[in-house]
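Enquirer: this one's sequence-less:
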C-alpha cells in the first residue's frame, strides 16, 4: 500500500471516529485502523480503503476474495447478530454488511470508503497489481511490438 498509516481508535466515539474516517478520506490511500470497542476484549483490525481505490482493485482482481468455510459455522454461533441499524459518527455513517464482513462508510449519502479485513485488503491489492502488470492495452501492445521489431537480432549485435 502506498502510504502506511496506522491509527488506533481507543474508544471510537463520534469525534474520534469522525477524525479517523476523515483522515482516510483526505489521504486517499488505505489506512490500517485498530479499533478498541467498548465492551469487547479483543481489538479489531481493519483497513479503511477509499472507494476509488477499492473500485480500481476490484476492477483488476480476476476473482472475488475467497471466503473460508472452515469454522464459519462455529463463528456464526459464537457471535451475536449485529443490529441492522447504521452507526453514525458525525458526518459519516457506517453500514455493516451481514455477508462478507465489509462495512461501507458514507458521507453525505455517498460511499467514500470501505472497511475490509487486513487479509482481504492485502489479497485484493496483490491480485490487482499482478493482473494489471501483465496487461497492455492494444495501442501499448502495438507500440511494444513495433519497438521489438526494430531491435537488431542477437547475431547482428
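Expert: That came through fine. Keep in mind the model is a prediction, meaning the values are calculated, not measured.
Enquirer: from the middle of its chain, how far away would the helix or strand that contains residue 120 be?
Expert: For residue 120, the enclosing helix or strand under DSSP states H and E is helix 118-133. Its chain's average C-alpha position is 9 Å from that of helix 118-133, according to Cα atoms, centre = their mean, to the nearest Å.
Enquirer: Counting by contacts, list what that helix packs against.
Expert: With contacts taken as 3 or more Cβ pairs under 8 Å, 6 or more residues apart in numbering; DSSP states H and E, helix 118-133 sits against strand 44-50, helix 51-60. For every residue, glycine as well, the C-beta is placed using N, CA and C.
Enquirer: Kindly reformat these as JSON lines and extend each row with mean neighbour count and mean pLDDT.
Expert: Output for those, formatted as JSON lines (neighbours: other Cβ atoms under 10 Å; pLDDT from 0 to 100):
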{"stretch": "strand 44-50", "mean neighbour count": "20", "mean pLDDT": "85"}
{"stretch": "helix 51-60", "mean neighbour count": "16", "mean pLDDT": "87"}
